[in-house]
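Undergrad: Show me how the following folds:
(chains A and B)
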Number of protein chains: 2
Amino acid sequence: METPVANAVDTDRLREDIETNGRFGATESPDDAPGHGRTVRTGSEPNRRARDRLVAQLEAAGCEITVDAVGNVAGRWTPASADPDAAPVAAGSHLDSVPEGGIFDGPLGVYAALESVRAMREAGVAPERPVEVVSFTEEEGATFADGLLGSSVAVGERAVEDALALTDADGRSLAVALDDIGYRGEGRLDAARWNAWLELHVEQHTELETAGVSAGVVGDITGITHCAVEVSGEANHAGSTPMAGRSDALAAASEVVLDVEAAARELSGAAGGAGSDDGAEGNEPTDSAAVGTAGSLAVAPNATNVVPGRVELGIDIRSTTYASMESLVGTVESSLARLEAERGVETTLVREFDVEPTPMASRCQEALRAAGARAGIDTLDLHSDAAHDSMYVARVTDAGMLFAPSRDGFSHTPKEWTDWADCAAATRVLAEALADLAGA
Amino acid sequence: METPVANAVDTDRLREDIETNGRFGATESPDDAPGHGRTVRTGSEPNRRARDRLVAQLEAAGCEITVDAVGNVAGRWTPASADPDAAPVAAGSHLDSVPEGGIFDGPLGVYAALESVRAMREAGVAPERPVEVVSFTEEEGATFADGLLGSSVAVGERAVEDALALTDADGRSLAVALDDIGYRGEGRLDAARWNAWLELHVEQHTELETAGVSAGVVGDITGITHCAVEVSGEANHAGSTPMAGRSDALAAASEVVLDVEAAARELSGAAGGAGSDDGAEGNEPTDSAAVGTAGSLAVAPNATNVVPGRVELGIDIRSTTYASMESLVGTVESSLARLEAERGVETTLVREFDVEPTPMASRCQEALRAAGARAGIDTLDLHSDAAHDSMYVARVTDAGMLFAPSRDGFSHTPKEWTDWADCAAATRVLAEALADLAGA
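TA: Here you go, the predicted model:
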């Protein structure tokens, strides 16, 4: 089968893009970091330089640039074969990073989309739809927001003026920050006008590495709820307070930790004890993707000789099924109600973060799998456990995600690494799928 | 019954002593502190002034002063009635404080002992034994040691040279610090040569206040064990690590917290649920003084979205019976062994602090109770939950402790307060008991 688009993907050019982009905001690499560290906060000088270079490369590839009011950048390629009024297909990711992050998380998806446009041009294919290369603002949320800022505006989830009013730790607004770097444009990038959207991203886990596969097709992005639980008992002298007279916040919180674990084990079919192979016998897993984790816990006053008076507990609940998430939150709620009655503690639960599971569009998944098959590149179906801009985009159009392997699963660290051959293979799948969706 | 010694105790004189002493190292009092704050670290200028005044007052009361190599001060009164070679009876406490402590913790016991000598002299009684008023160095342990420094030397538990080599946070040795304030004497105050020892101290809890009683006779000082427990599992992404593949250090530690609580409830007869009045039914308390508390807990990495990899847990175990303490430590050990087998965690337990329960001598307790009865001052039998110099002294001679009420149980804070009438009443009991033990 001829795959001229995939064949036109240039590994060296892609590598040059990612390495050059990785030098903006470069941090000193620890000895054990095979890649490079970078810190690219929204509105910073490294962010300006990264954006300037992307714009220059997009223009060199024949793309028409638009920058919206929150700094989302789009480069639109409208080949002669395309109807300029047809809904475009779009692909991209983000250029910002967490502090001390890696060079692949975000930039790979942006530059792979650009490389796909170049490859389509060089292969001489004739898409019926325009193609847009997109870089969303503040995906990581390290500076102005909780993350997914640009995409939340692009799907109408957040108003432009609300986004611009967000401030960083120094009180500088996003509006001022974007003005400072020359990337406060006009209007709003509207993801709803796209015919389809694809995002290539590093996996951040080890499924692809373990399987020896270069490209993962995401079936769904798991939903995530974070419960902030506070348990208040009575702090007291550990020596002079008899056991019967206590309201020990840590003992109560310990019951919550174990209740969450037990419920998630039960739901996912892992009941019977962690580490035991025969644990699942007799338990019908109803949702193998369900997990519940009490990941953070802080005690006050936290002195060995004082009965704990207050505990703050952070609980992470995820699944690809929202009903499972609701069920696990219900476990926490009933656990707290029981402890209030049995232990005389007071409790609060704030669901401070709650994102429903997001299935990727079947036609996008199929386009990615078919692209891999045509190009002779194996793909693996998997879930995404992390949040991505594609979660928002999927609310307004057909969205798909493709993962490239992460060595040892590292991300958000200078240790983040994806072999160049894997970067190129995943980009070939992306380019083929984009060409397909664009009607080339 | 005539109680000339008790009658000779002068409330105003005692108050003047404690208030004057309280001005050395005085700190600004918060509005809600009825007393006064003070910071008197060993070797500081306030410590020198407090010692100088004590020495002057002891000399004024006809006492002969000795200062030993670690700065323990003793003022010996040898009345004409006494055999100078007879084993003396001794009483006292300490003059140092915690940072931002109160004015009663320590000084009350020292000046009540001095007032007892004055009262005996003025009452014209004729003791057969000399009487010593003692101020131990560094009881609080805020500067050079963990506490009980002077008494540990006086009973031979710690060598003089080891004590002198201890350094403060600035690296200054105790030897230099005592030289600086002129209180590095010679030899070693030897508690073993005392016939008996009594210490008056503030209660630091509310039993006396609740009962409306001015003097508490301590039956025993509870033993304390601190267990530093570390539980190591495997930190992992909370989204991508299935429930069955986890080794969650916080879930494991939560079991330890609950195991300790359950065992201490069982042992103390409080089993059946905290806060429920009927909980003790069917459970025979074997040691009502036993308590076990997981008071401190730290999680790493302590992020809501990461399966906890490591937990440090601080467990406080106390009882008046060492076997009970051993039993509760055994609970922790078997809990950890079970969790290693069931959860694949690794655990360590360090018993970083372990002091056996210290019973006070019956004859000292009886002398105190009888003194209260003679003077018409009610006494209450109680335990001490805190450590005191008397714990060490009890290893080498007959020791007794007397408590005065602490308003609202406050100590180690400027809020510490004992009414002057209570100070005087407890001092009357002390003086009568000392006179009795001295053969007056």
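Undergrad: okay, CA-based contacts and neighbour counts for the rest of this
TA: Will do.
Undergrad: What is the least confident helix or strand in chain A?
TA: Considering only helices and strands, the least confidently modelled element of chain A by mean pLDDT, DSSP states H and E is strand A:236-237, at a mean of 80.
Undergrad: from the middle of its chain, how far away would whatever helix or strand comes next after that strand be?
TA: Downstream of strand A:236-237, the first helix or strand assigned by DSSP states H and E is helix A:249-268. Counting by Cα atoms, centre = their mean, to the nearest Å, helix A:249-268 is centred 27 Å from the centre of its parent chain.
Undergrad: Alpha carbons only: can I get helix A:249-268 in PDB?
TA: Below are the C-alpha coordinates for helix A:249-268, written out as PDB (Å, rounded to 0.1, in the frame of the first residue of the first chain):
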ATOM      1  CA  ALA A 249      -9.000  12.600  63.800                       C
ATOM      2  CA  LEU A 250      -6.200  10.400  62.500                       C
ATOM      3  CA  ALA A 251      -7.900   7.200  63.600                       C
ATOM      4  CA  ALA A 252     -11.100   8.300  61.900                       C
ATOM      5  CA  ALA A 253      -9.200   9.300  58.700                       C
ATOM      6  CA  SER A 254      -7.500   5.900  58.700                       C
ATOM      7  CA  GLU A 255     -10.900   4.300  58.400                       C
ATOM      8  CA  VAL A 256     -11.700   6.500  55.400                       C
ATOM      9  CA  VAL A 257      -8.400   5.500  53.700                       C
ATOM     10  CA  LEU A 258      -9.100   1.800  54.100                       C
ATOM     11  CA  ASP A 259     -12.800   2.200  53.100                       C
ATOM     12  CA  VAL A 260     -11.800   3.900  49.800                       C
ATOM     13  CA  GLU A 261      -9.200   1.300  49.100                       C
ATOM     14  CA  ALA A 262     -11.600  -1.600  49.900                       C
ATOM     15  CA  ALA A 263     -14.400  -0.100  47.700                       C
ATOM     16  CA  ALA A 264     -12.100   0.500  44.700                       C
ATOM     17  CA  ARG A 265     -10.700  -3.000  45.100                       C
ATOM     18  CA  GLU A 266     -14.200  -4.500  45.100                       C
ATOM     19  CA  LEU A 267     -15.300  -2.400  42.100                       C
ATOM     20  CA  SER A 268     -12.200  -3.200  40.000                       C
END
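Undergrad: by contact count, what packs against it?
TA: In this structure, helix A:249-268 packs against strand A:223-232, strand A:291-300, strand A:310-319, helix A:322-343, helix B:249-268, strand B:291-300, with contacts taken as 3 or more Cα pairs under 8 Å, 6 or more residues apart in numbering or on different chains; DSSP states H and E.
Undergrad: what angle sits between it and helix B:249-268?
TA: 130 degrees (axes from the mean of the first three to the mean of the last three Cα atoms, to 10 degrees).
Undergrad: picking that back up, which one, of the helices and strands packed on helix A:249-268, ends up nearest to residue B:114?
TA: Closest approach to residue B:114 among the helices and strands packed on helix A:249-268 (Cα to Cα): strand B:291-300, 36.7 Å.
Undergrad: Who are the packing partners of that closest one?
TA: When contacts are defined as 3+ Cα pairs under 8 Å, 6+ apart, strand B:291-300 sits against helix A:249-268, strand A:291-300, strand A:306-307, helix B:249-268, strand B:310-319.
Undergrad: tally of neighbours for residue A:252?
TA: For residue A:252, the tally of surrounding residues (other Cα atoms under 10 Å in any protein chain shown) stands at 29.
Undergrad: Looks like it contacts residue A:232 (just checking).
TA: No. With contact defined as Cα atoms under 8 Å, residue A:252 does not reach residue A:232; the gap is 9.1 Å.
Undergrad: any shared contact partners between the two?
TA: Taking Cα atoms under 8 Å, 6 or more residues apart in numbering or on different chains as the contact criterion, the residues that touch both residue A:252 and residue A:232 are residue A:345.
Undergrad: Doesn't residue A:205 belong to a strand?
TA: No. The assignment for residue A:205 is coil, going by DSSP: H, G, I helix; E, B strand; the rest coil, so no strand is present there.
Undergrad: who's in contact with stretch A:116-130?
TA: Residues lying outside stretch A:116-130 but in contact with it, judged by Cα under 8 Å, 6+ apart, are A:4-10, A:61, A:76-84, A:86-89, A:131, A:427-428, A:430-432, A:434-435, A:438-440.
Undergrad: can you tell me the distance between the two ends of that stretch?
TA: Across stretch A:116-130, the straight-line distance between its terminal residues is 13 Å, by Cα to Cα, to the nearest Å.
Undergrad: Out of the helices and strands packed on helix A:249-268, the one nearest residue B:20 is which?
TA: Counting by Cα to Cα, residue B:20 lies closest to strand A:291-300 out of the helices and strands packed on helix A:249-268; the figure is 36.6 Å.
Undergrad: strand partners of that closest one, parallel vs antiparallel please.
TA: Strand A:291-300 pairs in its sheet with strand A:310-319 (antiparallel), by DSSP bridges.
Undergrad: So what touches the strand it pairs with?
TA: Where contact means Cα under 8 Å, 6+ apart, the residues beyond strand A:310-319 that reach it are A:222-235, A:249-250, A:253, A:287, A:289-301, A:325, A:328-329, A:357, B:238-239, B:303-305.
Undergrad: what about chain A, any weak spots by pLDDT?
TA: In the predicted model, chain A carries pLDDT under 70 at residues A:1, A:29-35, A:272-285.
Undergrad: Please enumerate the helices of it.
TA: Secondary structure of chain A (DSSP state H): helices at A:4-8, A:11-22, A:45-60, A:107-123, A:149-154, A:160-165, A:174-181, A:207-211, A:249-268, A:322-343, A:362-375, A:389-393, A:420-437.
Undergrad: Against which helices or strands is the third one packed?
TA: The reference is to helix A:45-60. With contacts defined as 3+ Cα pairs under 8 Å, 6+ apart, helix A:45-60 has these neighbours: strand A:64-67, strand A:73-77, helix A:174-181.
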